[in-house]
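Visitor: Pasting the sequence and the predicted coordinates here, then a few questions.
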Amino acid sequence: MESIYTADENRYAGMTYRRCGRSGILLPAISLGLWHNFGSVDVFNNFIKIAYTAFDNGITHFDLANNYGPVYGSAEENFGRILKKGLGVYRDELLISTKAGYDMWPGPYGNWGSRKYLMASLDQSLKRMGLEYVDIFYSHRPDPETPIEETMGALADIVRQGKALYVGISNYNAEQTEKALAVLKEHRVPCLIHQARYSMFDRWTEPDLLPLLEEKGVGMIAFSPLAQGMLTNKYLHGIPENSRAAKSTGHLKREQVTDDKINKIRLLNDLATERGQTLAEMALAWLLKDDRVTSVLIGASSVEQLLDNLKALRNTNFTADEQERIESILRVNLG
């Protein structure tokens, strides 16, 4: 007979929680993203263990989107199954997010940022997960054709309908973000959080976006903090067969893992070893050294990988010398 899940009573002892902008919400420093590893091509028994282990270690934030899988919708369906099997007992201790903005169904109403798409998509997401509301609903990407007033107006109305408690935006640049925040302010529905790609290898957020979010009191959650696995020990010796770069279903392409990147990975790994960390731990800690980063989103294909990533929280401080060494490694072309 299948045992009923009971959460670890000490689940909050080891996690750090950070204020999300100027809001009442605290997010765990590390959150669990269901972008990969929770789809229909993966093994359910594996990811239910990952989800339980995450919560047992104080990860309260589970991040999804309508098209996470593969196949589209399957991550939400599987997370709904996990909630039904026991995690849902703790619904009021969980912060669940989903998004709409990328292609989801055929025809003109299953993509981008129209009011029709966002509202229909969230209704579908709630059904898949068996939820009455999500904590955060995001516009997953800016729509160059739809007026920002329509997209943000839909988000505001979704909050008023009680289908989401907060709203966020993802993949918006600084200029687009400023416009979106202004429209939401007019609706008296503040933007809680911005989700952006950010890692040692991808720092587009630093010049304009991070200062803007700090000024406006909006939280920031970083996705792909390990550059889709490149900032781990996986690629120290080239591209292994079981890696994302080798999989046809993954988003990391073989040609992205260049000689320059591999040489940088090796030098960063040497520094991580000196710090008593793995490269993955150091890469996560490097993001968390900045107070403007509320949380980093990790994916995990195993319980062991999840627990290893959590070790990053043991040391998020960097000396001036360590920071300069990292900057010099990232600056130079080592191809």
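Guide: Received the coordinates, thanks. What you see is a predicted model; the values in this text were computed from it and never measured. Numbering: from 1, shown residues only.

Visitor: Okay, now the unreliable bits of the stretch 201-335 of the chain?
Guide: Applying pLDDT under 70 to the stretch 201-335 of the chain flags the ranges 240-256, 335.

Visitor: what about the helices in it?
Guide: Using DSSP state H, counting those that start in this stretch, the helices assigned to the stretch 201-335 of the chain run over residues 209-216, 259-274, 279-288, 303-310, 320-331.

Visitor: Please identify the most buried of those.
Guide: helix 279-288 (a mean of 23; mean count of other CB atoms under 10 Å). To be clear about C-beta, it is placed using only N, CA and C from the backbone, and glycine gets the same treatment.

Visitor: which helices and strands sit right next to that one?
Guide: helix 259-274, strand 295-298, helix 303-310 (3 or more CB pairs under 8 Å, 6 or more residues apart in numbering; DSSP states H and E).

Visitor: out of the helices of the stretch 201-335 of the chain, which comes closest to G58?
Guide: helix 303-310 (8.7 Å; CB to CB).

Visitor: For the residue most central in space within the chain, give its distance to K264.
Guide: Centroid check for the chain by CA atoms, centre = their mean gives L297 as the closest residue, at 3.5 Å. According to CB to CB, to the nearest Å, L297 stands 22 Å off from K264.

Visitor: how about the helix or strand hosting N45: buried residues?
Guide: Assigned by DSSP states H and E, N45 falls within helix 44-56. In terms of neighbour count (16 or more other CB atoms under 10 Å), helix 44-56 has its buried residues at 47-48, 50-56.

Visitor: now swap in stretch 64-81 and tell me
Guide: 64-69, 72-81.

Visitor: Check stretch 147-159 too.
Guide: 148, 151-156, 158-159.

Visitor: Please identify which of those is nearest to D208.
Guide: Nearest member of the buried residues of stretch 147-159 to D208, counting by CB to CB, is I148, at 17.6 Å.

Visitor: any idea what sits nearest the closest one, other than its immediate chain neighbours?
Guide: Using CB to CB, 6 or more residues apart in numbering and skipping the chain neighbours, the partner closest in space to I148 is K179 (5.2 Å).

Visitor: which strands and helices sit next to the helix or strand the one you found falls within?
Guide: In this structure, K179 sits in helix 174-186 according to DSSP H and E. Under the contact definition 3+ CB pairs under 8 Å, 6+ apart, helix 174-186 sits against helix 148-160, strand 164-170, strand 191-197, helix 209-216.

Visitor: And for the longest one, what's in contact with it?
Guide: When contacts are defined by CB atoms under 8 Å, 6 or more residues apart in numbering, helix 148-160 is touched by residues 113-115, 118-119, 122, 137, 139, 142-143, 164-167, 176, 179-180, 183-184, 187-189.

Visitor: can you rerun that using 6 Å?
Guide: Helix 148-160 is contacted from outside by 113, 115, 118, 137, 139, 164, 167, 179-180, 183-184, 187, 189, using CB atoms under 6 Å, 6 or more residues apart in numbering.

Visitor: do the second one as well
Guide: Strand 164-170 has contacts (CB under 6 Å, 6+ apart) with 134-140, 155, 158, 180, 192-195.

Visitor: Now render the residues you listed as CSV, adding distance to P211.
Guide: What follows is the contacts of strand 164-170, written out as CSV (distance: CB to CB, whole Å):
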residue, distance to P211
V134, 29
D135, 26
I136, 23
F137, 26
Y138, 21
S139, 21
H140, 23
L155, 23
I158, 28
A180, 16
L192, 18
I193, 16
H194, 12
Q195, 17
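
Visitor: In three-state terms, how would L27 be classified?
Guide: strand (DSSP: H, G, I helix; E, B strand; the rest coil).

Visitor: Hmm, V296 and it touching each other?
Guide: No. L27 is beyond contact range of V296, at 9.9 Å (criterion: CB atoms under 6 Å).

Visitor: Between these two, which is the more surrounded one?
Guide: Set side by side, L27 and V296 show more neighbours around V296, with 28 against 24, by other CB atoms under 10 Å.

Visitor: list the contacts for that one?
Guide: Here V296 is in contact with 30, 222, 225, 284, 287 (CB under 6 Å, 6+ apart).

Visitor: switch to 8 Å and redo it
Guide: Taking CB under 8 Å, 6+ apart, one finds 29-31, 221-222, 225, 284, 287-288 in contact with V296.

Visitor: Equivalent analysis for I326, please.
Guide: 200, 268, 271, 286, 318.

Visitor: Put together JSON lines for the residues you listed, with distance to I4 on each row.
Guide: Listed next are the contacts of I326 as JSON lines, based on distance: CB to CB, whole Å:
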{"residue": "M200", "distance to I4": "42"}
{"residue": "L268", "distance to I4": "43"}
{"residue": "L271", "distance to I4": "45"}
{"residue": "W286", "distance to I4": "39"}
{"residue": "F318", "distance to I4": "43"}
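
Visitor: Closest one of these to K234?
Guide: Distances from K234 to the contacts of I326, taken by CB to CB, are shortest for L268, at 13.1 Å.

Visitor: My read is that the closest one contacts L279, right?
Guide: Yes. Between L268 and L279 there is a contact under CB atoms under 8 Å: 5.8 Å.

Visitor: quick one: contacts for L271?
Guide: Contacts of L271 by CB under 8 Å, 6+ apart are 282, 322, 325-326, 329.
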